[in-house]
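**Q** need a structure here:
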Amino acid sequence: MVKAHIELLGSHTGDSNRSALLFFDEERYLFECGDGTQRLCTEYGVSIATEKLHRVFVSRMDPSSIGGLLGMALTVADSGRKALNIVGPEGLCRFVNESRAFVYRPKMVLDVTEVRADSNQVNVVCEKNYVSIEAVPITSTLNASWEPAQSHVEPNPKRSRGALVICYVCKIKDIPGKFDPQKATALGIPRGPLFGKLTKGEKVTLPDGRSITPEQVISPPTPGPIVMIVCCPDVSYIASLVSESGLSSNYLNPNKERNVCIIHFSTLSVLSDQRYSSWMASFGGNATHIALDETICPMRPVFRGHADAMYKANLTLGETYAPLPSGYIPEEEGDPVLGFLEAIVPGKVVRGDTLLRYRIAPIAAIGIDASQVPSKSIVLDSIKAQVHSNDRLQSELRRTVATDQGESFPDCLKEISEKAAELRFLGTAAAIPGKHRNVSAILLNLFHRGCALLDCGEGTYGQMVRALGRTEALEKVVSLLFVWISHMHADHHLGLLHILSKRISLKAERPLVVIGPSKLRGWLSSYSEIIGGDNRMIFIDSAELIEPQQPLASYFPENFGVQLRCCEVIHCPQAYGIVVEDCVNHWKLCYSGDTRPCEELVKIGKNSTIAIHEATLEDGMEQEAEEKAHCTISEALDICEKMNAHRTILTHFSQRYPRIPVIKSSGDRLARVAVAFDFLRVNFKDLGQLPRTLPLLQALYPNEAPVVRAGV
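**A** Residues are numbered from 1 along each chain as shown. Reported below is the predicted structural model:
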């Protein structure tokens, strides 16, 4: 073991979920794989496809732990790996099996190890060269209805699979002592092969007949450190945690000779509970505690590449189309949390942050290492200088921005209010998340009437927090009227579990209407059964909206003031496009989902106010587009022109095009066209100037070349 550490990836700041990577030279272990983990790995250059990643450990059947697992499995499989080992609570096997319909990679085995709630012994779930990992289950004292148990009823901690939480104890093997050549020489051992044998732990015999054991020339081994991943979601788990012998300091470190690092996936209310803080203190002065939770860690840009690009877009397009993401410019901390953490175990509690490390080896370097943590400040002046020195962009900005007076506008837009409707693009990438684009999701904001999501790829909730801030994001989650899922590909629906989970925790009163392929109903129902909870939703099959009959035909106009209609598109079985027509302001929105050029979409989208169409690949890649059942840019434009759409917004770009797609069309053909980027805001009142954003973005990134990679 030359070097080893545990590194935090996500610090659970609301827009990212907590995760940690245990690193050895030849081995890697990932703890937690929540919504958005794969994108975090991409951002910070962490390879999830490497053969060195031996196992993934998850603590609970919650999107914060497993939301990114399926997307990661697809990426790992596509890299050519033959197997991925996953450890987690009871219910994980069924979750993986129920997802095989859209995580279909027959050449890769997903090997799942479950830890059951009724296990009364230490579960050694991994034994490798450098580490032994034990799983310790803890349970809640809440009942299955998510409410506190009645005081006169004896709590039943094993109430449901959804309540089960697994903590992990990583016991690093003792670190061998160092060979002392001076001692060897003093004993008369000649340099050469005998040195090597002693170093390997072998006994040697000298020419004079004396026997020399390794202990005579090698210092004693150093007791291996212990790394604990402790997930305590709320105070109802504390009683189980502090009574669990497998997590006690007397069992793990009775002589206090080992260094201990405890990573706490716990809220501020848990850490402030006297039972929990006393348990922390029992590990003594050799223990370092790292706390991660959105109640503890401050909000700051996690995806720095996209944040910088957004600032450039903001300087170019203004707040109208490119409002700065919430928390882009971090405020001075000055909060009481740091002082509170210091008071729990003085000098031993550290607030977690992205890329914060605890070094395990070499022994001389053991302890906290913050050298890789990204700077909290953003070099705004440098970004401004790049924009201001771009001559082509400055020339484009000087052009008149007056709306073409010769263009006729639909009646629905002539006096439309800025509080009528607005689109916020939360994800504009195809297939996998990347540095600059997350996977598909569009927020349709109807303001006081509520909002809706059109597709909901992995990481959608995090995107909402980044774009809107925590408070407004939670308000939008509660005010959701419906979520529409175009088809059962992972990049379009894996974020839905997190949205449903948030609505449960926020106690949203109105059931959420989920519209999608029939297979989606079964998957969501299975997950609800696994966690022992209620997703609180009404499911409607998209097929029923192709020619909606009563009472469904009047359900949406009467309840939400919009009419919905779907059509089958050309992509995979049960893939749909959708039209949303507003009964109040009379606009019409068409969204293609994923498809080849589709005449049925033209029919239902005729005369749309806005057509949002996938444009995965550039012109000249028609064969690949046909093979993968997607569209090139010109094919998408053809469909929207046939539709006679007033405005066309292209989206769902391959990760070949990180910032802007390659557009070979020009002139009048682009007069009504815009390209989407993550966090693009389109208020329906601002549709007149929307096409001006395209030449400005092309000027902002004049030399953007496609990034060639495998996949779409």
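**Q** C572 contacts S486, doesn't it?
**A** No. Taking contacts as Cβ atoms under 8 Å, C572 lies outside contact range of S486: 10.0 Å. Any C-beta I mention is one placed from the backbone N, CA and C, and that applies to glycine too.
**Q** neighbour count for the two, which is higher?
**A** Set side by side, C572 and S486 show more neighbours around S486, with 30 against 14, by other Cβ atoms under 10 Å.
**Q** helix/strand/coil for the closest residue to the more buried one other than its chain neighbours?
**A** Spatially, and ignoring its direct neighbours in sequence, S486 is nearest to G593 (2.9 Å; Cβ to Cβ, 6 or more residues apart in numbering). Classification of G593 by DSSP: H, G, I helix; E, B strand; the rest coil places it in coil.
**Q** next: T354.
**A** T354 ends up coil, using three-state DSSP.
**Q** got it, and R55?
**A** What three-state DSSP gives for R55 is strand.
**Q** which one is it nearest to, not counting chain neighbours?
**A** Per Cβ to Cβ, 6+ apart, closest to R55 is N85, 4.5 Å.
**Q** next, count neighbours for the one you found.
**A** 17.
**Q** so what pLDDT did N123 get?
**A** As predicted, N123 sits at a pLDDT of 88.
**Q** is it true that it touches A135?
**A** Yes. Judged on Cβ under 8 Å, N123 makes contact with A135 at a distance of 4.2 Å.
**Q** touching both of these two, which residues are there?
**A** Common contact partners of N123 and A135 (Cβ atoms under 8 Å, 6 or more residues apart in numbering): V115.
**Q** and the strands in the stretch 101-250 of the chain, which stretches?
**A** 109-115, 123-127, 131-138, 165-172, 204-205, 211-212, 226-232 (DSSP state E, counting those that start in this stretch).
**Q** how about those, which one is nearest A184?
**A** Nearest of the strands of the stretch 101-250 of the chain to A184, taken as Cβ to Cβ: strand 211-212 at 8.0 Å.
**Q** what lies in contact with that closest one?
**A** A184, L187, I189, L194, L198, K203, V204, T205, L206.
**Q** put the alpha carbons of the helix or strand harbouring I504 into PDB.
**A** In this assignment (DSSP states H and E), I504 forms part of helix 496-505. Extracted C-alpha coordinates of helix 496-505, given in PDB (Å, rounded to 0.1, in the frame of the first residue of the first chain):
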ATOM      1  CA  LEU A 496     -38.400  10.700 -11.300                       C
ATOM      2  CA  LEU A 497     -37.700   8.700  -8.100                       C
ATOM      3  CA  HIS A 498     -36.000  11.700  -6.500                       C
ATOM      4  CA  ILE A 499     -38.900  14.000  -7.400                       C
ATOM      5  CA  LEU A 500     -41.400  11.500  -5.900                       C
ATOM      6  CA  SER A 501     -39.200  11.100  -2.800                       C
ATOM      7  CA  LYS A 502     -39.000  14.900  -2.300                       C
ATOM      8  CA  ARG A 503     -42.800  15.200  -2.600                       C
ATOM      9  CA  ILE A 504     -43.300  12.500   0.100                       C
ATOM     10  CA  SER A 505     -40.800  14.200   2.500                       C
END
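**Q** state the helix or strand in which P254 lies.
**A** Counting by DSSP H and E, P254 is found in no helix or strand.
**Q** OK, contacts around the residue lying closest to H12 once chain neighbours are set aside?
**A** Using Cβ to Cβ, 6+ apart and skipping residues adjacent in sequence, the residue nearest H12 is R18, 3.8 Å away. R18 is in contact with L8, G10, S11, H12, E32, G34, S64, F265, L292, D293, G352, counting by Cβ under 8 Å, 6+ apart.
**Q** restricted to strands, list the residues you listed.
**A** Those of the contacts of R18 mapping onto strands are L8, F265, per DSSP state E.
**Q** buried among the contacts of R18? Make that a PyMOL selection.
**A** In PyMOL, this line selects whichever of the contacts of R18 come out buried by 16 or more other Cβ atoms under 10 Å:
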select buried, resi 8+10+11+12+32+34+64+265+292+293+352
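**Q** picking up where we left off before, buried ones in the helix holding I504?
**A** Using 16+ other Cβ under 10 Å as the test for burial, helix 496-505 gives L496, L497, H498, I499, L500, S501, K502, R503.
**Q** pull the helix or strand with minimum mean pLDDT from the protein.
**A** Sorting the helices and strands of the chain by mean pLDDT, DSSP states H and E puts helix 337-344 at the bottom, at a mean of 76.
**Q** helices or strands up against it?
**A** helix 268-271, helix 274-281, strand 349-351 (3 or more Cβ pairs under 8 Å, 6 or more residues apart in numbering; DSSP states H and E).
**Q** pull out the buried positions in that helix.
**A** V337, L341, I344.
**Q** what's near enough to touch the second one?
**A** Taking Cβ under 8 Å, 6+ apart, we find L341 in contact with L271, A291, I296, V349, V350, R351.
**Q** repeat the analysis, applying 7 Å as the threshold.
**A** Counting by Cβ atoms under 7 Å, 6 or more residues apart in numbering, L341 touches A291, V349, R351.
**Q** ok, now the first one?
**A** Taking Cβ under 7 Å, 6+ apart as the definition of contact, the neighbours of V337 are I296.
**Q** likewise for the last one?
**A** By Cβ under 7 Å, 6+ apart, I344 lies in contact with L271, S277, M280.
**Q** okay, now the first one: neighbour count?
**A** Counted with other Cβ under 10 Å, residues neighbouring L271 total 23.
**Q** sounds good, over and out.
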